[in-house]
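**Q** 3D, please:
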Amino acid sequence: MIKIRNLTKKYESLAVVDNINLEIEKGEIFGLLGPNGAGKTTVIHMLATLLKPTSGTAIVNGYDIITEPGKVRSSIGIVFQAPSSDDMLTGYENLKIHAFLYSVPSYEREKRIQSVLELVGLADRQNDEVKKYSGGMRRRLEIARGLLHKPKVMFLDEPTLGLDPSSREMMWEYIQKLVKEEDMTFILTTHYMEEADHLCNRIGIIDQGKIIALDTPANLKKIIGGDIVKIKPKSYPNLENLKKLIYIRKIELINGEIIMYVDNARTNMPDILLHLEAEYVEFRSPDLNDVFLKLASKNLKESVEGGFMERYAQYGK
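**A** Numbering: from 1, shown residues only. Sure, this is the predicted structure:
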């Protein structure tokens, strides 16, 4: 459904998006994760033809974003980070204006408006001014508006930003329902790792304009290497003895706590505790937040150190 080829966006010498190559399948929910300023929104804006690439291109629903932007726009829906509905109008009026803008045929207009209102659970509030809507209702209206012209691809930029947990889970249900019933393709950006884990078929982690990891949530979590075990020892332990245990992949001592990455921690914990006395023990399976912090932090650290060395070399000259 989407083919990205060498997509690049530069501002002077700064590459905000740096030579990205990616393919996204029809009916896929694809998550784009990354720290602030990593290039996520810039990618979305280029794919939606709101921003022209410096080089490279992408094909969306069979249309080139550079040579066929009008056809791309007719194929997509988009929900921005900031609400863009007119809060002085009713929900119905917002959708009707959108239907005119996208040339929805007059004989289908009312049917489609009512259909999307039913889909997002706003049919009974369609005649209320949007300023009277809750945050969750506004986000649902934004999605309804994006769906009105029956797009093949939907871009969601932080779709649940600012929503309470209940509204967020409701939004997840709407997205999954649309994939199942409408066979739509979604690309979403989010800072909520549990959201990406719950929704996405695949995830791309972007940092400094580059894709630094790309896989399913389950496979990405395997990068961590075992369960995460945190132990507060009663006395300073002999870490060398612990390192000899074949099921311990990595061990660190941080702020007086032992952090270990352990294969099958539940089974091996009794054996670990034979080698030390503990004040307390915690262990859990890795999540996407652990993956994100490991990969993005490493990339950021290397960038900072590299920039320092470059400046140091220039200063030395």
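**Q** Distance check, Val72 against Val17.
**A** Using Cβ to Cβ, to the nearest Å, one gets 17 Å for the distance from Val72 to Val17. C-betas here are computed from N, CA, C, even on glycine.
**Q** and those two? which has more neighbours close in?
**A** Using other Cβ atoms under 10 Å, the more surrounded residue of Val72 and Val17 is Val17, with 26 against 22.
**Q** what comes up buried for the helix or strand that that one is a member of?
**A** Using DSSP states H and E, Val17 sits in strand 14-24. Neighbour-count burial for strand 14-24 flags Ala15, Val16, Val17, Asp18, Ile20, Leu22, Ile24 (criterion: 16 or more other Cβ atoms under 10 Å).
**Q** Give the pairing partners of it; include direction for each.
**A** Here strand 14-24 is paired, per DSSP bridges, with strand 2-11 (antiparallel).
**Q** what mean pLDDT does the partner strand have?
**A** Computed over strand 2-11, the mean pLDDT rounds to 96.
**Q** And the contacts of the strand holding Val17?
**A** Here strand 14-24 makes contact (Cβ atoms under 8 Å, 6 or more residues apart in numbering) with 1-10, 30, 39, 42-43, 46, 53, 56, 185, 187, 204, 206, 208-211, 214.
**Q** Sheet partners, orientation included, of the very next helix or strand once past it?
**A** Moving toward the C-terminus from strand 14-24, the next helix or strand (DSSP H and E) is strand 29-33. Within its sheet, strand 29-33 is paired with strand 185-189 (parallel), strand 202-207 (parallel), according to DSSP bridges.
**Q** Give me the contact list for stretch 235-249.
**A** By Cβ under 8 Å, 6+ apart, stretch 235-249 touches 225-226, 251, 253, 258, 260-264, 268, 271-272, 275-277.
**Q** For my notes, confirm Lys230 occurs in a helix.
**A** No: under DSSP: H, G, I helix; E, B strand; the rest coil, Lys230 sits outside any helix and is assigned strand.
**Q** Would you enumerate the residues in contact with it?
**A** When contacts are counted by Cβ under 8 Å, 6+ apart, Lys230 touches Glu257, Ile258, Ile259, Met260, Val281, Glu282, Phe283.
**Q** So Arg140 sits against Leu119, correct?
**A** No: between Arg140 and Leu119 there is no contact under Cβ atoms under 8 Å: 9.0 Å.
**Q** which residues of the stretch 51-200 of the chain fall in helices?
**A** Here the stretch 51-200 of the chain has its helices, by DSSP state H, counting those that start in this stretch, at 69-75, 91-101, 106-119, 135-147, 165-182, 193-199.
**Q** Let me know which of the ones you listed is tucked in deepest.
**A** helix 135-147 (a mean of 22; mean count of other Cβ atoms under 10 Å).
**Q** now the angle between helix 91-101 and that one, please.
**A** Taking axes from the mean of the first three to the mean of the last three Cα atoms, to 10 degrees, one finds helix 135-147 and helix 91-101 inclined to each other by 20 degrees.
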